[in-house]
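Undergrad: Turn this into a model:
(3 chains)
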Amino acid sequence: MLVAVKKPFTVKIDQDNGQLSWRCHVLSVKQFKRRDLDEEIFPEAENMLTMVTMVGKVGYLSGKVIALLFYQPSTRTMMSFWTASERLGGSTNAINYVQFSSVSKGESLPDTIRTVGGYCNAIVMRHPEVGSAKIAADYSPVPIINAGDGTGEHPTQALLDLFTIRRELGHLDDLTVTMVGDLANGRTVHSLARLLTLYKGIRLNFISPSSLRMPANMLAELRGQGVVPEEYDHLDKTVVAQSDVLYVTRVQREYMTDAEKSMDNPFVVTPETMSWAKPRGSMILMHPLPRVGEITLEVDEDPRAAYFRQSEYGMYMRMALLKLILRRE
Amino acid sequence: MLVAVKKPFTVKIDQDNGQLSWRCHVLSVKQFKRRDLDEEIFPEAENMLTMVTMVGKVGYLSGKVIALLFYQPSTRTMMSFWTASERLGGSTNAINYVQFSSVSKGESLPDTIRTVGGYCNAIVMRHPEVGSAKIAADYSPVPIINAGDGTGEHPTQALLDLFTIRRELGHLDDLTVTMVGDLANGRTVHSLARLLTLYKGIRLNFISPSSLRMPANMLAELRGQGVVPEEYDHLDKTVVAQSDVLYVTRVQREYMTDAEKSMDNPFVVTPETMSWAKPRGSMILMHPLPRVGEITLEVDEDPRAAYFRQSEYGMYMRMALLKLILRRE
Amino acid sequence: MLVAVKKPFTVKIDQDNGQLSWRCHVLSVKQFKRRDLDEEIFPEAENMLTMVTMVGKVGYLSGKVIALLFYQPSTRTMMSFWTASERLGGSTNAINYVQFSSVSKGESLPDTIRTVGGYCNAIVMRHPEVGSAKIAADYSPVPIINAGDGTGEHPTQALLDLFTIRRELGHLDDLTVTMVGDLANGRTVHSLARLLTLYKGIRLNFISPSSLRMPANMLAELRGQGVVPEEYDHLDKTVVAQSDVLYVTRVQREYMTDAEKSMDNPFVVTPETMSWAKPRGSMILMHPLPRVGEITLEVDEDPRAAYFRQSEYGMYMRMALLKLILRRE
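TA: A predicted model of the protein is given here:
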């Protein structure tokens, strides 16, 4: 933004000496320290929730323009960022199908980013290619927020997941979190598992079809952080009973073995599953949405079913990030 | 909107005892009584027209976010609601091709509505399936405005049609309204005919190809309300001469018989047709637009040609509905 | 806008007696006189740049709604106008794929324009057909800004190009401007060449493949204005050395002869090309973007590479035009 600004921001996400802020861009969960979350981001998200409840909208981003540049359309993520920007008093420019636009004329991502960065104050980008958010940040004259880059990262989803747990259960240390579904391809569960290792006394259980297990490098990374995950091939009653958080993701049937398909689907959460779990106030059921059958509709009435509240918390989290990033300008 | 709100609104559109307001959702013309129109909605739409003329924009929806969720793209209807929301000071989030978004991942309508309803204060929805607006309302934590659900209802169109007649002719009782074109499939004419039965001394004429006559159940419903429609197979000179309102809709040629096709199209309004009609101030020609030849271009210069004013009145009507619905929050 | 307004604006772009303002619509570069640019438009664009730098946003268009009606999608042009409108305090309604909307139902352009013109205060239109902007203006009740009509005109691009030269080099008289690439089909270079003839002492060089030379009628038009262009078939060192402005556009390879394709592409600007050119402050390299290889990435670091600043200047130019046009209402 502004002709005077000729150089892109520099983001130092691997820096570890505590001097540099995470606030240049939001590219990866790896750039956050526990202190950033506990002292800055979660309290700001709480403020946003209170503010929206009281007055609906404030003027923190007055005079700022936020571009939503979605190379992959996404109704929910786009609306979440759009409402976040609007409730902060920002102006929002949203293009939901960039692939048919200047990309179709062969324009490179760096050129698009430098052009759009000349018009606006921040860019929220979704792109199908892993690493594209980092490339955008390397060239952008304004902050980049990664709203998902292929099977890479979706850091704001992991942050809102953590905010949901903290708000619903009151703490993030000493939790047993059980992740269910496609753990091989789900960027959501990888990012959430990484963020959880910032906290103490975390126990992780991974429940998946054999073909969709958590990748070996993720398991190794988690063990390196002192977390020793346990793996299961079905929604085990004892595991559910021990869980503070049951985090369910989609499993596409084509990934299941014939044996798994022939079983009564062992990864679907039903009221019976919930009957094994801890009581209200001690346990929540989460899902990043959209779901396609992994949680039956009867479960929606259960007060522990937190997934629609989880998606709403996402708006407050995105408001907090936008405010914290753009206040530094 | 807001985590505190967990239950969907309940809409009672069949309730008849006068206790319940129409203001939960706008799903169907059936939910309106004459008093709602005459005492609340039309005066508010007049206020909106005056306000836009004087200052362009007011702050009634300041702090509110309106989501436009169009599963079928529509330039005109989307722009009408978008400008309505903006001129009330609201923020607007518009997705014009929802079918390629989370629906493509298999998300159900109730889940989408609960998610989007967590971000915004009202949802304007267009959807190709009959009954989808009612389903959305059953699950939504915020008001739903039906902007067309397939061949079902398009209530805001019928309301703006009635507002147009009232504003241009000064009254809604004792009218002769002649509807022309495809009366079999047009949700517009069905909804307008229903609304007109709220008024006294209404005479309805239906002019259509034999294959596109007003459905028998609609005829029965109207007779049950004390209106006895007359049907014709061409734009009859005497009928035109008696009409206060000539309401034309599209006829797709594939629905016509060979005999009808071979005739000089008997459903097209020309300057000659208008020469049979009552004078300016006593008669208007309406069309819900888009037209594709049912009214020739020469007719546009006739002061009785009200269709472009009609579409503009639509913005004021939608402003009135948004204001009345969201003021109750 | 407003029911009271029944007649379309009348634009007189061929009028030459100095009485009529250019401010009805922006359809073609032909409607501008040097005085309009020097005394009104460029100073206003400078004001906009200063204002955005200082405060980000002002309220000149408060209460106005700007419709962006793009029959051809364009991320960059749409975002440029969208941010321009927002930074002026206007509300913006953007439809990026109009061809799938009411046009798919067969609605004519005049009907769409009259409908949308009933909701908003100005229409920015991109359309694939030459002459469509003029047709829109003939029927519109509100100002039309042509954001590109096929191979016809793209006047705001030419205006921002001229503003870029003026701002970067300090003057528009006595310039040597060298245009490179596809000069046959590029509406950009045609419009820019036309505008430059408003200034004194202009020398034009045209460098293109033989099959993509500037059309004969354009050459004749320029000669009629007292400019005698020189034509070249490669990026000649002496020509580059004499140029104040090197303006590069895309060349699609299918237009080149086999001989040209077999050469090391003689129309690509590299650091070596730039080594022949005048120093910083006396020379700039421009491109309307998107580029697809005509300027190598190493050149981006050269301070004379002005193309990203050029795209940013576009936002200020569009703000100036919107403000000047809508202030007259």
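
Undergrad: Tell me which helix or strand residue A:204 sits in.
TA: Applying DSSP states H and E as the criterion places residue A:204 in strand A:203-207.

Undergrad: Touching that strand from outside, list them.
TA: A:175-181, A:183, A:193, A:196, A:213-214, A:222, A:227, A:229-236, A:239, A:242-243, A:267 (Cβ atoms under 8 Å, 6 or more residues apart in numbering or on different chains). Glycine gets a C-beta too; all of them are placed from N, C-alpha and C.

Undergrad: how about 6 Å then?
TA: The contact list for strand A:203-207 (Cβ atoms under 6 Å, 6 or more residues apart in numbering or on different chains) reads A:176-180, A:183, A:214, A:227, A:229-232, A:235, A:239.

Undergrad: For these, which single residue is the most surrounded?
TA: Neighbour counts for the contacts of strand A:203-207 (other Cβ atoms under 10 Å in any protein chain shown) peak at residue A:180, which has 30 neighbours.

Undergrad: any idea how far it lies from residue A:243?
TA: Applying Cβ to Cβ, to the nearest Å, the value for residue A:180 to residue A:243 is 10 Å.

Undergrad: same thing with residue A:88?
TA: For residue A:88 relative to residue A:243 (Cβ to Cβ), the value is 35 Å.

Undergrad: cool, and residue A:130?
TA: 30 Å.

Undergrad: What is the neighbour count of the residue in the stretch 1-150 of chain A that chain B sits nearest to?
TA: Across the stretch 1-150 of chain A, the shortest distance to chain B (Cβ to the nearest Cβ) belongs to residue A:56, at 2.9 Å. Residue A:56: 20 surrounding residues under other Cβ under 10 Å.

Undergrad: in which helix or strand would I find residue A:112?
TA: helix A:109-117.

Undergrad: residues from chain A in reach of chain B?
TA: Contact residues, chain A versus chain B (Cβ under 6 Å from any Cβ of the partner chain): A:53, A:55-57, A:73-76, A:79-80, A:82-83, A:86, A:290, A:292, A:308-309, A:311-312, A:315.

Undergrad: can you give me the strands in chain A?
TA: A:65-70, A:91-95, A:122-127, A:144-149, A:176-180, A:203-207, A:230-232, A:245-248, A:284-286 (DSSP state E).

Undergrad: Would you single out the least confident of these?
TA: Lowest mean pLDDT within the strands of chain A: strand A:91-95, at a mean of 92.

Undergrad: Quickly note the distance from residue A:241 to chain C.
TA: The spacing between residue A:241 and chain C, counted by Cβ to the nearest Cβ, to the nearest Å, is 51 Å.

Undergrad: Can you name the residues that contact residue A:227?
TA: A:197, A:202, A:204.

Undergrad: The residue nearest to the first one when sequence neighbours are not counted: neighbouring residues, count only.
TA: Closest residue to residue A:197 in three dimensions, ignoring its sequence neighbours and counting by Cβ to Cβ, 6 or more residues apart in numbering or on different chains: residue A:225, at 3.9 Å. Counted with other Cβ under 10 Å, residues neighbouring residue A:225 total 13.

Undergrad: before we move on, what about residue A:211?
TA: Neighbour count of residue A:211, defined by other Cβ under 10 Å: 13.

Undergrad: now the angle between strand A:144-149 and the helix holding residue A:112, please.
TA: Interaxial angle of helix A:109-117 relative to strand A:144-149 (axes from the mean of the first three to the mean of the last three Cα atoms, to 10 degrees): 130 degrees.

Undergrad: who touches helix A:109-117?
TA: A:67, A:123, A:135-136, A:139-142, C:76, C:79, C:308, C:311.

Undergrad: Out of the residues you listed, which sit inside helices?
TA: A:135-136, A:139, C:76, C:79, C:308, C:311 (DSSP state H).

Undergrad: circling back: got a PyMOL select line for the buried ones in the residues of chain A next to chain B?
TA: Here is the PyMOL command that selects the buried residues among those (16 or more other Cβ atoms under 10 Å in any protein chain shown):
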select buried, chain A and resi 56+57+73+74+75+76+79+80+82+83+86+290+308+309+311+312+315
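
Undergrad: mind checking the end-to-end distance for stretch A:50-67?
TA: Length of stretch A:50-67, first residue to last, Cα to Cα, to the nearest Å: 25 Å.

Undergrad: what do you get for stretch A:126-145?
TA: 9 Å.

Undergrad: That one near chain C anywhere?
TA: No. Contact of stretch A:126-145 with chain C (Cβ under 6 Å from any Cβ) is absent, the minimum separation being 8.5 Å.

Undergrad: and that stretch, how far from the chain's centre?
TA: Distance, stretch centre to chain centre, for stretch A:126-145: 16 Å (Cα atoms, centre = their mean, to the nearest Å).

Undergrad: what's the pLDDT at residue A:186?
TA: Reading off the model, residue A:186 has pLDDT 83.

Undergrad: got the phi/psi numbers for the residue nearest to it when sequence neighbours are not counted?
TA: When the adjacent residues along the chain are set aside, residue A:186 lies closest to residue A:249, with 4.8 Å between them (Cβ to Cβ, 6+ apart). Main-chain torsions, residue A:249, degrees, to the nearest 10: phi -130, psi 170.

Undergrad: Now render the ones in helices among the contacts of helix A:109-117 as a markdown table, adding distance to residue A:44 and pLDDT.
TA: Shown next, in a markdown table, are those (distance: Cβ to Cβ, whole Å; pLDDT from 0 to 100):
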| residue | distance to residue A:44 | pLDDT |
| --- | --- | --- |
| A:135 | 28 | 93 |
| A:136 | 24 | 94 |
| A:139 | 28 | 93 |
| C:76 | 33 | 90 |
| C:79 | 28 | 95 |
| C:308 | 33 | 97 |
| C:311 | 33 | 97 |
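
Undergrad: OK, contacts around residue A:223?
TA: Residue A:223 touches nothing, counting by Cβ under 6 Å, 6+ apart.

Undergrad: Then residue A:34?
TA: residue A:198.

Undergrad: Give me the pLDDT value at it.
TA: pLDDT recorded at residue A:34 is 96.

Undergrad: Show me the domain layout of chain A.
TA: A:29-153+A:314-326, A:155-312 (automatic domain parsing).

Undergrad: Cool, thanks, talk later.
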